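Peer 1: Have a look; sequence and predicted model below, questions after that.
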Amino acid sequence: MPGIESRHAGRAGAVTAAAIAVLALGLLWGAAALTPARAEGAWTLTYDLDPADGMNCSMETYWDDGSEFHIFANANDFVGFYITDPAWVLEQGQESWVSFRFGGRDFSFPVSAVDRSAVVGDLSSNESGALAFLERWARSWEMAIVFPQGATWPVNLNGTMATFRQWVDCYDDLERIAARSGGGGGGGANPFGGGRGGAKPSANPF
């Protein structure tokens, strides 16, 4: 996720590590009721806790066509998500939204294009909505990313509970290290206008 760490400053109302830890504790207590247990594999944790590099903890999944979806936290108290598709042609700085759908429940968040093929979404500005989304994401088997023009990407949530627990530990470490170190288009394909696995009539999802 090139450049993400430097684009977002800390803010009041951010989704704090403490709030996420409380959510994780609730999920851990309720984990025994989740049957059958999910295997890891669809989701992975990556991280960089070197203060010189900006620091981030990221939960990630990938598609064969090069598309990616990440949920991340960085040392600026920014918790967000990153979606990229190499076929997109976006206007950098454009703003819009995406929704995450679980059955009949949608969670919508603002996004901004950070380059021609990627957007970053902001979970930090809505703590209650972000925590509700993360809880549903960790507990569910599948979700859909829904773009403004109707395109829908199905997302396999196999392994999210295990990955979420690792991410919470990583975020807690990140916060401690940050405190010690002093802070921290045209026609073609369009995620917001074409479905995953199908035709994509536009290269700009906005």
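Peer 2: It's in.

Peer 1: For stretch 123-137, which residues meet the burial criterion?
Peer 2: Judged by neighbour count (16 or more other CB atoms under 10 Å), stretch 123-137 contains these buried residues: 123-127, 130-131, 133-137. The way it works is simple: take the backbone N, C-alpha and C, and place the C-beta from them, glycine included.

Peer 1: Stretch 144-152 now?
Peer 2: Of all the residues in stretch 144-152, those buried under the rule 16+ other CB under 10 Å are 144-149, 151-152.

Peer 1: number of nearby residues for R165?
Peer 2: Neighbour count for R165, taken as other CB atoms under 10 Å: 16.

Peer 1: What of V114?
Peer 2: Residues lying near V114 (other CB under 10 Å) number 20.

Peer 1: re earlier: and the buried residues of stretch 144-152, which of them are in strands?
Peer 2: 144-146, 152 (DSSP state E).

Peer 1: pLDDT and distance to S58 added to those, as CSV?
Peer 2: Putting these into CSV (pLDDT from 0 to 100; distance: CB to CB, whole Å) gives the following:
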residue, pLDDT, distance to S58
A144, 94, 21
I145, 95, 17
V146, 94, 22
T152, 92, 23
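
Peer 1: which two in those are spaced the farthest apart?
Peer 2: Across these, the longest distance by CB to CB is 7.0 Å; it joins I145 and T152.

Peer 1: and for these two, which residues touch both?
Peer 2: Shared contacts of I145 and T152, defined by CB atoms under 8 Å, 6 or more residues apart in numbering, are found at R101.

Peer 1: Now tell me which helix or strand of the chain has the poorest mean pLDDT.
Peer 2: Of the helices and strands making up the chain, the lowest-confidence element is helix 4-7, at a mean of 36, by mean pLDDT, DSSP states H and E.

Peer 1: Longest strand in this protein, by number of residues?
Peer 2: Once the chain is assigned using DSSP E, the strand that runs over the most residues is strand 105-115.

Peer 1: neighbouring contacts of that strand?
Peer 2: With contact meaning CB under 8 Å, 6+ apart, strand 105-115 is reached by 2-4, 7, 81, 83, 90-100, 119-123, 125-126, 129-130, 132-133, 136, 146, 206.

Peer 1: swap the cut-off to 7 Å and go again
Peer 2: Outside strand 105-115, the residues that touch it by CB atoms under 7 Å, 6 or more residues apart in numbering are 3-4, 7, 90-100, 119-123, 129, 132-133, 136, 146.

Peer 1: Please flag which of those residues sit within strands.
Peer 2: Judged by DSSP E, the contacts of strand 105-115 include 95-100, 119-122, 146 as members of strands.

Peer 1: Among the residues you listed, which one lies nearest to R165?
Peer 2: Looking across these and measuring by CB to CB, the closest to R165 is F100, at 19.9 Å.

Peer 1: Any idea how many residues pack against the residue nearest to that closest one when sequence neighbours are not counted?
Peer 2: Nearest residue to F100, sequence neighbours excluded (CB to CB, 6 or more residues apart in numbering): F107, at 4.8 Å. Number of residues near F107 (other CB under 10 Å) recorded here: 19.
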